[in-house]
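*Asks:* Need a 3D model of the sequence below.
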Amino acid sequence: MKSFLFIILIAFIISTKDTGGTGKSGGTGKSGGTGKSGGTGKSGGTGKSSGTGKSGGTGKSDGTGKSGGTGKSGGTGGKGSKTINYVTDAQMRKMGWSNYNLPDLNRCLKTYHITTPNRIRHFIAQCSLESSLGRYTQERGGPGYFAKYEGRKSLGNFYKGDGLRFKGAGYIQLTGRFNYQKFANSIGDKNVMKGAKYVSKNYPWSSAGFWWESNNMNALCDKGASVKTITKRVNGGYRGLDQRTKYYNRACSIF
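*Replies:* As a prediction, this is how the structure comes out:
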């Protein structure tokens, strides 16, 4: 009888050795779950902390990456958000461009919201014709040619020499003191008022994008406007319409 009671006592001690479960603390893991702490991981999930990663997700922290996303920091990769390149070198070369400022182009597209495929197609197509595929960043002509801009109040050219100084610059040829001043104020660069040479070198795309947004071209593109309608707004007429249409069709196959 004593032997029987002793066997029962030993069995009871063995069965109560652990703490109320199959793990160390109330679960199949170390702490109330299938992992170390309330889950299949170390802390309440399939990972180390409340998820399949270290902290509440499939990654190290609330996601598949280190911090709340599929990447390291709340996004699809990397430590932070990456700069978006809406247009690449390869695409511009396919369009036929060899002289272009890609950083200024992508900055322009972002700043002036030229970010949908159709907006980009129309914008690149029009700039392609206006600049002969980037060959020209300024309006061409001798000093006598720009006399037509002298004294043009509609352009804000009130001072002698304004016609030449503020001639067309950039891929859609920003023209006139008034428009240069608005552009300078917009981007916060007073050097824009040095004139066409400065703008064409530093802001060939951004000056075009400024004009594009100022004239509500994005809205026009979104309405499904034809190349002819877009050309009328850009050119004031239909100069080079056939070539603009060819550039647009090419852009449709690239962007």
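
*Asks:* For the stretch 51-200 of the chain, which segments count as helices?
*Replies:* Counting by DSSP state H, counting those that start in this stretch, the stretch 51-200 of the chain has helices at residues 89-95, 102-111, 117-130, 162-165, 177-187, 196-202.

*Asks:* Pick the most deeply packed of those helices.
*Replies:* Sort these by mean neighbour count, taking mean count of other C-beta atoms under 10 Å, and helix 117-130 sits at the top with a mean of 23. For glycine as for every other residue, the C-beta is placed from the backbone atoms N, C-alpha and C.

*Asks:* what's that one in contact with?
*Replies:* 86-87, 95-97, 109, 113-114, 134, 171-173, 205, 208-209, 212, 217-218, 221-222, 224-225, 227, 230-231, 234, 240, 243-244, 247-248, 250-252, 255 (C-beta atoms under 8 Å, 6 or more residues apart in numbering).

*Asks:* Any regions of the protein where pLDDT drops low?
*Replies:* 1-83 (pLDDT under 70).

*Asks:* domains of it?
*Replies:* Here the domain parsing of the chain from automatic domain parsing is 22-82, 89-254.

*Asks:* before we move on, back to that, to residue 153, which of the helices of the stretch 51-200 of the chain lies closest?
*Replies:* When the helices of the stretch 51-200 of the chain are compared by C-beta to C-beta, helix 177-187 sits nearest residue 153, at 9.0 Å.

*Asks:* Just say helix, strand or coil for residue 231.
*Replies:* The assignment at residue 231 comes out as helix when based on DSSP: H, G, I helix; E, B strand; the rest coil.

*Asks:* now it: how far from residue 85?
*Replies:* Using C-beta to C-beta, to the nearest Å, we find residue 231 at a distance of 27 Å from residue 85.

*Asks:* These two - which one has more neighbours?
*Replies:* residue 231 (23 against 14; other C-beta atoms under 10 Å).

*Asks:* just checking, the more buried one touches residue 247?
*Replies:* No: between residue 231 and residue 247 there is no contact under C-beta atoms under 8 Å: 10.7 Å.

*Asks:* still on that earlier bit, can you put the helices of the stretch 51-200 of the chain in CSV and add distance to residue 154?
*Replies:* Output for the helices of the stretch 51-200 of the chain, formatted as CSV (distance: least, C-beta to C-beta, whole Å):
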stretch, distance to residue 154
helix 89-95, 33
helix 102-111, 25
helix 117-130, 20
helix 162-165, 12
helix 177-187, 8
helix 196-202, 18
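
*Asks:* Show me the one of those that comes nearest residue 143.
*Replies:* Comparing the helices of the stretch 51-200 of the chain by their distance to residue 143 (C-beta to C-beta), the top pick is helix 162-165, with 5.9 Å.

*Asks:* which residues are in contact with that closest one?
*Replies:* 143, 146-152, 155-157, 176-177, 195-196.

*Asks:* ChimeraX command for the buried members of those residues?
*Replies:* Buried residues within the contacts of helix 162-165, by 16 or more other C-beta atoms under 10 Å, are selected in ChimeraX with:
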select :146,149,152,155,156,157,176,177,195,196
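
*Asks:* Residue 103: which of the contacts of helix 162-165 is nearest?
*Replies:* When the contacts of helix 162-165 are compared for distance to residue 103 (C-beta to C-beta), residue 196 wins out at 20.8 Å.

*Asks:* residues in contact with that closest one?
*Replies:* If you count contacts by C-beta under 8 Å, 6+ apart, residue 196 has them with 138, 139, 165, 166, 167, 168, 169.

*Asks:* Quick check: closest non-adjacent residue to residue 239.
*Replies:* residue 231 (7.9 Å; C-beta to C-beta, 6 or more residues apart in numbering).

*Asks:* and the gap between that neighbour and residue 225?
*Replies:* Taking C-beta to C-beta, one finds residue 231 at 10 Å from residue 225.

*Asks:* Over to residue 116?
*Replies:* As judged by C-beta to C-beta, residue 116 and residue 225 stand 13 Å apart.
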